[in-house]
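Asks: here is a sequence with its predicted model. Questions after.
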Amino acid sequence: MSEATNVVQFPFPRASALPDKVRRKSRGGPPSSSQDRIFNYIAGHREAITTGDFSAAKLYTRCLIIGGATTRKGTIALANYLAELIRMPVRDGIHLDTQIDGKPWVEMFLYTLAGELRRMGSEFPKATKK
């Protein structure tokens, strides 16, 4: 009889086997703009729309809104990209009435944005008293 262990084998690869653009970066120190995952989400969403893969576009839309950015540069890029999507033709862009988890995507984005800005507080220069 073999010894029982409490180790569960998962059917997906370890994190070290994932491609670099999928793997999360280490959390040591503030992330640089090259580590911000939002640029990969934007590129993936743009590619999904271009190729007509609407299931992937829906997934990337969710990643854009809920995943959010980790840097100021990423947050600005995300806001610009969402504005671009609103201006696009109806079939390609994001609709203002689109919902994520039963809430309007705009509301979800604003909650995510507030959290991102709170976390980025260390990036901003310290206020000095005059």
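Replies: That came through fine.

Asks: any low-confidence regions in the chain?
Replies: The chain contains residues with pLDDT under 70 at 1-34, 89-93, 123-127, 130.

Asks: now the strands for it?
Replies: Under the criterion DSSP state E, strands of the chain are mapped to 99-100, 103-104.

Asks: what is the first one packed up against?
Replies: Read that as strand 99-100. Contacts defined by 3 or more CB pairs under 8 Å, 6 or more residues apart in numbering; DSSP states H and E place strand 99-100 against no helix or strand at all. For every residue, glycine as well, the C-beta is placed using N, CA and C.

Asks: sheet partners, orientation included, of it?
Replies: Here strand 99-100 is paired, per DSSP bridges, with strand 103-104 (antiparallel).

Asks: sorry, back to before: in JSON lines: the strands of the chain, plus mean neighbour count and distance to residue 55.
Replies: Formatted as JSON lines, the strands of the chain follow (neighbours: other CB atoms under 10 Å; distance: least, CB to CB, whole Å):
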{"stretch": "strand 99-100", "mean neighbour count": "14", "distance to residue 55": "15"}
{"stretch": "strand 103-104", "mean neighbour count": "12", "distance to residue 55": "21"}
